[in-house]
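Visitor: what follows is a predicted protein model with its sequence.
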Amino acid sequence: MSFEKFTEQASKYRNLDKMGVTEILQHINEEDKTVPYAVEKAIPQMEKLVSVIADKMLAGGRLFYVGAGSSGRIGVLDASEIPPTFGAPPELVQGVIAGGVTALYRSAEGAEDNETAGALVMDERRIKDIDVVIGISASGRTPFVVGALARAKQLSAKTILLTCNPTVAGVGDSGPPGSTIPATTADLMITLAVGPEIVTGSTRLKAGTATKIALNIISTGAMVALGKVRGNLMIDLHTTSTKLRDRAVRVVAELTESDYNSAREKLEASGWNLRDIIGEVKKN
């Protein structure tokens, strides 16, 4: 199995076009069931990464996800969910996708081949030694991601490669023949070995699902470590919608052991400042 072709490896489902709809859906579901096991094997590496992210953020650092295509979109999605969920400023976790904003809703796959563009984005975002940059590439060889990681490494940031290709060389190795990714560009590698996709090469399937799960784990773990969760409750959420205001009321009601209406009155009196009320509870 060549390095270049790993994510293009054919699955065992060679007759999809001759199957009934029910059979196709069942096979896709069966393949998806293997994803959590692939993620589980990467927990030790993710544990190291979460500790690094928390330490860097406490020092004023930021977290960046860099990817192309589906990988880039998943990174942007996870980053965009951090402010409303954990009350973090939008610059704390940033998603970078090859091709820019347009690539979020319209394919710009050719943008992934520009290694120089990946490096330039790191300069534009003013990457520092207290930042963490996670390059997301199912194949482990996307030029845009390679360029970003290499430049981030030069700028002394902590660099991580998140890939679904187990044939990528480990950190410190020389890399397989034909590899375009210098192993030295990543301080840590997280491998989600999900295997061939049911539709050959369509990494928006198992690889995409595994990536989303992994980013959920990484970002949530970091936010918990930063003290943005009390018990299992979001204590820094932004009350910007009816749903989130209702959630905030229920959080206050639980933490202050009061009824729903009393909790709502407290929040309204504080200008819906959940953190202030949580601080008062902590003092008492």
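Guide: Alright, I've got the coordinates.
Visitor: show me the helices in the chain, by range?
Guide: 21-32, 35-41, 43-58, 69-86, 115-124, 143-154, 206-225, 242-256, 260-269, 274-283 (DSSP state H).
Visitor: what is the end-to-end distance of stretch 31-43?
Guide: For stretch 31-43, the first-to-last residue distance is 20 Å (CA to CA, to the nearest Å).
Visitor: what's in contact with that stretch?
Guide: 11, 164, 190-195, 197-198, 205-206, 209-210, 213-214, 217 (CB atoms under 8 Å, 6 or more residues apart in numbering). All C-beta spots, glycine's among them, are computed from the backbone N, C-alpha and C.
Visitor: could you list the buried residues of it?
Guide: For stretch 31-43, the neighbour count (16 or more other CB atoms under 10 Å) marks 31, 35, 38-39, 42 as buried.
Visitor: reformat these as JSON lines; add pLDDT and distance to Leu226.
Guide: Formatted as JSON lines, the buried residues of stretch 31-43 follow (pLDDT from 0 to 100; distance: CB to CB, whole Å):
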{"residue": "Glu31", "pLDDT": "92", "distance to Leu226": "35"}
{"residue": "Val35", "pLDDT": "95", "distance to Leu226": "27"}
{"residue": "Ala38", "pLDDT": "94", "distance to Leu226": "27"}
{"residue": "Val39", "pLDDT": "96", "distance to Leu226": "22"}
{"residue": "Ala42", "pLDDT": "95", "distance to Leu226": "22"}
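Visitor: now, among these, which is nearest to Glu268?
Guide: For those, the residue nearest Glu268 by CB to CB is Val39; the value is 41.5 Å.
Visitor: now the helices of the chain as TSV including distance to Ile97?
Guide: Below are those laid out as TSV (distance: least, CB to CB, whole Å):
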stretch	distance to Ile97
helix 21-32	24
helix 35-41	22
helix 43-58	20
helix 69-86	3
helix 115-124	10
helix 143-154	9
helix 206-225	13
helix 242-256	26
helix 260-269	36
helix 274-283	32
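Visitor: tell me which of the ones you listed is the most buried.
Guide: helix 143-154 (a mean of 25; mean count of other CB atoms under 10 Å).
Visitor: between the two ends of stretch 15-26, how far is it?
Guide: 14 Å.
Visitor: next one: that stretch to chain centre, how far?
Guide: The chain centre lies 31 Å from the centre of stretch 15-26; the measure is CA atoms, centre = their mean, to the nearest Å.
Visitor: stretch 30-39 too?
Guide: 17 Å.
Visitor: what's the answer for stretch 151-163, then?
Guide: 15 Å.
Visitor: then stretch 35-42?
Guide: Centroid separation for stretch 35-42 versus its chain: 15 Å, with CA atoms, centre = their mean.
Visitor: pull that stretch out as CSV, backbone CA atoms only.
Guide: Taking Å, rounded to 0.1, in the frame of the first residue of the first chain, the C-alpha atoms of stretch 35-42 are listed here in CSV:
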residue,chain,number,x,y,z
VAL,A,35,-15.0,5.1,14.0
PRO,A,36,-15.2,5.3,17.8
TYR,A,37,-12.7,2.5,18.1
ALA,A,38,-10.2,4.3,15.9
VAL,A,39,-10.7,7.5,18.0
GLU,A,40,-10.2,5.5,21.2
LYS,A,41,-6.8,4.3,20.2
ALA,A,42,-5.7,8.0,19.8
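Visitor: excluding chain neighbours, what is closest to the residue nearest the centre of the chain?
Guide: Nearest to the geometric centre of the chain sits Leu215, at 3.0 Å (CA atoms, centre = their mean). The shortest distance from Leu215 to any non-neighbouring residue, by CB to CB, 6 or more residues apart in numbering, is to Asp78 (4.2 Å).
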